[in-house]
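Trainee: only geometry, no sequence info:
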Ligand SMILES: Cc1cccc(C)c1Nc1c(-c2c(F)cccc2F)nc2cccc(C)n12
């Protein structure tokens with residue numbers, strides 16, 4: 001039986017990533033508004049846009065704290081952020097929806113998403129994904145590392161130094177695999193199931209792009225940050 005142990009520097013890596021992951025939460029005023037504002041489609045869309053904008057800010061701050069990320073080529077840093085934003089935000093909102101928020105919020109957020117002018121054909125895969133993440137019952141180390149692995153995916157558009165990104169991602173994957181073995185000894189397939197979620201995540205990119213287009217057709221307004229990260233308008 002393989003004796004799995006985490007080295008000192010791997011422990012330090014996990015700690016810095018988890019600290020960064022927990023340091024950036026959805027601000028109270030946004031979650032408070034979730035319960036207070038009325039339920040018109042416009043109001044719901046406004047709230048979700050504010051949440052999405054906050055999630056992009058949280059993503060950028062988290063990414064800057066991934067050890068090694070800031071030593072990557074500057075343009076590659078941007079390419080990784082733009083290429084992974086949707087997937088990282090789905091992971092974050094899945095984790096927020098599943099456990100981070102007191103139960104009442106989850107139902108309210110789901111209600112607002114349902115009445116925000118989003119098409120049903122996007123809603124289903126999104127909520128299926130949230131459910132599949134919830135079933136994994138990830139600990140925060142796994143959530144933070146899985147998000148870092150997603151951001152450090154080397155085959156994003158316009159990435160120049162593929163190897164440099166691959167090396168960083170490899171480091172995260174090695175630690176994540178060890179954590180999974182230690183955290184879920186009764187489930188040797190757990191790590192593989194986590195990586196399977198990343199494949200499911202990629203399909204959501206397509207739905208998200210369609211959703212953006214349909215919102216734009218209805219002349220919905222986004223914030224400058226959302227326009228920048230997804231090259232809209
Ligand atoms: C905050 C939120 C939570 C759950 C569902 C949705 C639709 C949102 N909001 C948006 C998302 C988005 C996200 F922020 C996280 C997960 C999946 C996402 F579709 N992307 C965008 C892009 C332009 C405008 C909005 C309102 N928007």
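Mentor: Ah, there it is. Keep in mind that what you see is a predicted model, and the values were worked out from it rather than measured. Residues are numbered from 1 along each chain as shown.
Trainee: Which neighbouring elements make contact with whichever strand or helix holds residue 169?
Mentor: For residue 169, the host element (DSSP states H and E) is helix 162-183. Applying 3 or more CB pairs under 8 Å, 6 or more residues apart in numbering; DSSP states H and E, one finds that helix 162-183 contacts helix 8-23, helix 74-95, helix 140-151, helix 190-217. Using the backbone N, CA and C atoms, a C-beta is placed for each residue, glycine as well.
Trainee: Looking at the ones you listed, which is nearest to residue 54?
Mentor: helix 74-95 (10.2 Å; CB to CB).
Trainee: Return the set of buried residues in that closest one.
Mentor: Neighbour counts over helix 74-95 (16 or more other CB atoms under 10 Å) mark 76-77, 79-95 as buried.
Trainee: Any residues of this structure in contact with the ligand? List them.
Mentor: Counting by CB under 6 Å from any ligand atom, the chain comes close to the ligand at 45, 48-49, 51-52, 55, 89-90, 93, 113, 118, 208, 212, 222, 226.
Trainee: Can you flag the buried ones in these?
Mentor: Buried among those by 16+ other CB under 10 Å: 45, 48-49, 51-52, 55, 89-90, 93, 113, 118, 208, 212, 222, 226.
Trainee: Residue 170: which of these is nearest?
Mentor: Closest to residue 170, out of all of these and judged by CB to CB, is residue 90, at 23.1 Å.
Trainee: Excluding covalently adjacent residues, which one is nearest to the closest one?
Mentor: residue 204 (5.4 Å; CB to CB, 6 or more residues apart in numbering).
Trainee: Would you enumerate the residues in contact with that neighbour?
Mentor: Going by CB atoms under 8 Å, 6 or more residues apart in numbering, residue 204 touches 86, 87, 90, 125, 126, 129.
Trainee: for these, which one is nearest residue 190?
Mentor: When the contacts of residue 204 are compared against residue 190 (criterion: CB to CB), the nearest one is residue 129, at 17.8 Å.
Trainee: residues in contact with that closest one?
Mentor: Residue 129 neighbours (CB under 8 Å, 6+ apart): 90, 94, 197, 200, 201, 204.
Trainee: cool, residue 139 as well?
Mentor: Counting by CB under 8 Å, 6+ apart, the residues that residue 139 touches are residue 183.
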